[in-house]
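Asker: need coordinates for the following:
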Amino acid sequence: MLCSCCDSGWHLSCLQQPLLAVLEADWLCAACTAAEAASGGPGSISRSAPLRVTIAGQPVAWVKQFKYLGSQFSADCSLDAELQYRMKQAEHAFSRLWKPVWRHKGVSVRTKMRIYRCMVGSVLLYGAHSWAPTDKQLARLEVKQQSQLRRILGRSAWKVPPGSNSSSGPRLISNQQLLAVCEQPTIAERLACLQARWVGHLLRMPEHRLARQLFFGSLQTTAPPQTPAPRCTLIARYCALAHQAYPSHAFRKYDRNFLVAAASKADWNQHFP
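Answerer: Below is the predicted model:
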């Protein structure tokens, strides 16, 4: 039997009220029945709006995507919409500085790179401390950054290989050479620093704060008691970042060295510029 709202399947004999045959009319599972009762009665929920939420007596519309505090949130919890929005905003910030900065011959490359990281890079990676991008998504961000850096350098992004004749023509410098010339880290490195700064902020929070409790919390599991509960993968990742900054310490959950190192904001952040 398939629920008409969430499409979950149930055996007829396993229901709280077993059925002899599949019903032709709409049928709701126990979870959707409870959600319907909490939302105002029959007909108040559907597949597109599985729960009715009201604020001051007014129902809140269900949407597939919305903007909150400058970030894009999707119903499917995907990061694609947010990355697309961030790249669009970064390109807009980059274009505004095209004539006054990037094409200005009186501004050195070093100064341009500082302005780029402050005015464009911060827009591109806004809120990135909470991201969990895939390799493909990281590659998209890397391509965007490298494209903008090459446009800033202009002709300097090309070179003639030593010993080559004029017929071969100039070639683009490699991505590694580009980042070295611009003195810019990769997107993955910047993302790691942002996340490491965020974990330091979490550790300086009082223990009653919800964000800190979630960071050190455990996921509920139906595994047998002898099996340890799965840990949040972000904790292991953040501890690895902290270990890079303080290789003499073995950072673990609630490790005293970890907490002491993060207690000083200035000391912690200087390892993750």
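Asker: what average pLDDT does the longest helix anywhere in the chain get?
Answerer: Determined from DSSP state H, the single longest helix within the chain is helix 135-153. Helix 135-153 shows a mean pLDDT of 93.
Asker: contact partners of it?
Answerer: Outside helix 135-153, the residues within contact range by Cβ atoms under 8 Å, 6 or more residues apart in numbering are 79-80, 83, 87, 90-91, 94, 102, 109, 112-113, 116, 120-121, 124-125, 133, 157, 172, 175, 178-179, 181-182, 184, 186-188, 191. From N, CA and C alone the C-beta is placed, and that goes for glycine too.
Asker: buried residues in it?
Answerer: Buried residues in helix 135-153, counting neighbours by 16 or more other Cβ atoms under 10 Å, are found at 137-138, 140-141, 144-146, 148-150, 152-153.
Asker: what of stretch 96-113?
Answerer: In stretch 96-113, counting by 16+ other Cβ under 10 Å, buried: 97, 101-102, 112-113.
Asker: pull the number of nearby residues for Asp26.
Answerer: 10 (other Cβ atoms under 10 Å).
Asker: can you pull the pLDDT of it?
Answerer: Asp26 carries a pLDDT score of 76 in this model.
Asker: and it, what does it touch?
Answerer: Applying Cβ under 8 Å, 6+ apart, the residues near Asp26 are Ser4.
Asker: secondary structure class for it?
Answerer: Using DSSP: H, G, I helix; E, B strand; the rest coil, the secondary structure recorded for Asp26 is coil.
Asker: how far away is it from Cys32?
Answerer: 10 Å (Cβ to Cβ, to the nearest Å).
Asker: can you tell me how far the nearest residue in space to His11 that is not next to it in sequence is from Gln84?
Answerer: With Cβ to Cβ, 6 or more residues apart in numbering as the criterion, His11 has its nearest non-adjacent residue at 7.6 Å, and that residue is Met1. Going from Met1 to Gln84 by Cβ to Cβ gives 39 Å.
Asker: same question, Ser264
Answerer: Distance from Ser264 to Gln84, counting by Cβ to Cβ: 38 Å.
Asker: with Gln184 instead?
Answerer: Taking Cβ to Cβ, one finds Gln184 at 22 Å from Gln84.
Asker: okay, those two: which has more neighbours?
Answerer: Gln184 (18 against 12).
Asker: give me the phi and psi for Gln72.
Answerer: phi -100, psi 130 (degrees, to the nearest 10).
Asker: the chain should start at 455 in everything you say after this.
Answerer: With the count now opening at 455, the last piece we talked about shows up as Gln526.
Asker: surely it is in contact with Ala535?
Answerer: Yes. At 4.7 Å, Gln526 counts as touching Ala535 under the criterion of Cβ atoms under 8 Å.
Asker: intersection of neighbour lists for these two?
Answerer: Residues within reach of Gln526 and of Ala535 at once, by Cβ under 8 Å, 6+ apart, are Gln519.
Asker: any weak-confidence spans in this protein?
Answerer: The chain contains residues with pLDDT under 70 at 459-461, 485, 488-508, 511, 513, 610-624, 672-713.
Asker: if you set the cut-off to 50 instead, what comes out?
Answerer: The model of the chain has pLDDT under 50 over residues 615, 618, 620, 680-686, 707-708.
Asker: domain map for it?
Answerer: 466-510, 521-638, 645-673+683-723 (automatic domain parsing).
Asker: distance between the ends of the second one?
Answerer: Between the start and the finish of domain 521-638 there is a gap of 30 Å, counting by Cα to Cα, to the nearest Å.
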